[in-house]
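> I would like to see how this sequence folds:
(one chain, ligands or ions: 2)
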Amino acid sequence: MFASQGSDGWQTSACKSGIGLALCERLLLQDDQIRLCLACRNMQRAEAARSALLSSHPSADVGIVQADVGSIKSVLQAAKTLKERYKQIDYLYLNAGIMPNPQINLKALVKGLFSRNVISMFASGEGLLTQKDSVTEDGLQEVFETNVFGHFILIKELQTLLCHVDNPSQLIWTSSSNARKSAFSLADYQHRQGQESYSSSKYATDLLSVALNRQYNKEGLYSSVVCPGLVMTNLTYGILPSFFWTLLMPIMWLIRVFTNSFTISTYNGAEALLWLFNQKLESLDPLAKYHSCTSGLGRNYVKPLRMDLDDASSLSFYGKILDLEKQIRKRFVPGNC
Ligand SMILES: NC(=O)C1=CN([C@@H]2O[C@H](COP(=O)(O)OP(=O)(O)OC[C@H]3O[C@@H](n4cnc5c(N)ncnc54)[C@H](OP(=O)(O)O)[C@@H]3O)[C@@H](O)[C@H]2O)C=CC1
Ligand SMILES: CC(C)=CCC[C@@H](C)[C@H]1CC[C@H]2C3=C(CC[C@]12C)[C@@]1(C)CCC(=O)[C@@H](C)[C@@H]1CC3
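Ligands and ions are numbered 1, 2, ... in the order given. Here you go, the predicted model:
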């Protein structure tokens, strides 16, 4: 999902369910004069989300655009449409993300329950999940393309709408506390080999955000990463069926008392995304991940935590992703590299 503020008003682009839709609702509750644009792969679902938002905020300006971040062709087309439609984008929320075929490692879960790291295990899901990734029509790993590279190409394509020194814009990546350095390898940054493509892609997001700040702050573009916490959405219903999560709810409320990262509802999960919208860009820490938190008593707040990365590795990854961009552009825009 994407968000921005246009010179002729606020403009946001988001998705049709989950944390993205909750963010749109919260943004409109705060200011229904904001201009939103939802970028979604499925136009029927986009229309449904738009109608839902308009039914509670009839005077809102909510646009939609077709964008599949798992397809370079679709991203290029979406960027073209957006450039025809808007003069400036102020907030771009990069929300779309997938975790295909997740499997729970029961042995690690049981072992973790009796370890000293039980709280951090629940907060990050570290070592508890594996995924089965696939290759897209573009020849890229699906999780990498959807969670990282498709967004990156969109940003590059929208550069003229995003980079304004006198009126800075913001990129907001939906990362995760599941992002893990040990799941990521610069030599295999698409994660072709392993079974933790989700962790790897979210770590790649964190690296990329840091590099984008180094590259674009002087041009008036700032990048931040958030973790919405554990939220009940289609993504988590892919891990366990919804009735199972309902059964687990009393335990999750108990765990929330200790971690504050079990935000559970999409409203709570959108806390850090909304908070970032209201901050002065220059005051944000490029090395922090902003976590949505919910206390045991249900109070929402935002906790910035330093990310486990450094400038050198973020720049090395940026170099790799620029090389990949060149290759892809050669294929999609012959004569343009
Ligand atoms: N739920 C959680 O506990 C957590 C989620 N996150 C992250 O939050 C983000 C939102 O996820 P969440 O709301 O939970 O899950 P959902 O599955 O509800 O939302 C994911 C959104 O991404 C869209 N999407 C997926 N693939 C593509 C694509 N190729 N092109 C365009 N849109 C796409 C989906 O669209 P469609 O409806 O068409 O499938 C959907 O709207 C993700 O990046 C996720 O990794 C991070 C931490 C925790
Ligand atoms: C809650 C109980 C008692 C059991 C569920 C165990 C796991 C399925 C669950 C525990 C921590 C969860 C978790 C995630 C998925 C489900 C768990 C592993 C995430 C990895 C989902 C996606 C994210 O981005 C992370 C922020 C989540 C971290 C916690």
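> Pull up the residues of this structure that are close to ligand 1.
Counting by Cβ under 6 Å from any ligand atom, the residues of the chain close to ligand 1 are 15-20, 40-42, 45, 67-70, 95-98, 146, 174, 176, 227-228, 230-231, 233-236. From N, CA and C alone the C-beta is placed, and that goes for glycine too.
> overlap between those residues and the residues near ligand 2?
Answer for these near ligand 2 (Cβ under 6 Å from any ligand atom): 176, 227, 230, 236.
> What residues does the chain have near ligand 2?
Counting by Cβ under 6 Å from any ligand atom, the chain comes close to ligand 2 at 104, 109, 122, 124-125, 128-129, 176-178, 227, 230, 236, 239-240, 248, 251-252.
> Which among those count as buried?
Buried members of those, scored by 16 or more other Cβ atoms under 10 Å, are 122, 124-125, 128-129, 176-178, 227, 230, 236, 239, 252.
> Pipe the residues you listed into TSV and attach distance to residue 160 per row.
Formatted as TSV, those follow (distance: Cβ to Cβ, whole Å):
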residue	distance to residue 160
122	44
124	38
125	38
128	42
129	39
176	30
177	34
178	34
227	30
230	37
236	37
239	39
252	45
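> Return the subset of the residues you listed lying in strands.
Using DSSP state E, the members of those that fall in strands are 129, 227.
> returning to that earlier point: in helices only, show me the residues of the chain next to ligand 1.
In helices, defined here by DSSP state H, the members of the residues of the chain next to ligand 1 are 18, 19, 20, 45, 234, 235, 236.
> Now do the strands in the stretch 201-337 of the chain.
221-227, 288-294, 300-306 (DSSP state E, counting those that start in this stretch).
> Quick check: neighbours of the last one in the sheet, parallel or antiparallel?
I take that to be strand 300-306. Within its sheet, and counting by DSSP bridges, strand 300-306 is paired with strand 288-294 (antiparallel).
> so for the partner strand, what's the average pLDDT?
The average pLDDT for strand 288-294 rounds to 98.
> list the buried ones in that strand?
Going by 16+ other Cβ under 10 Å, strand 288-294 has these buried residues: 289, 290, 291, 292, 293, 294.
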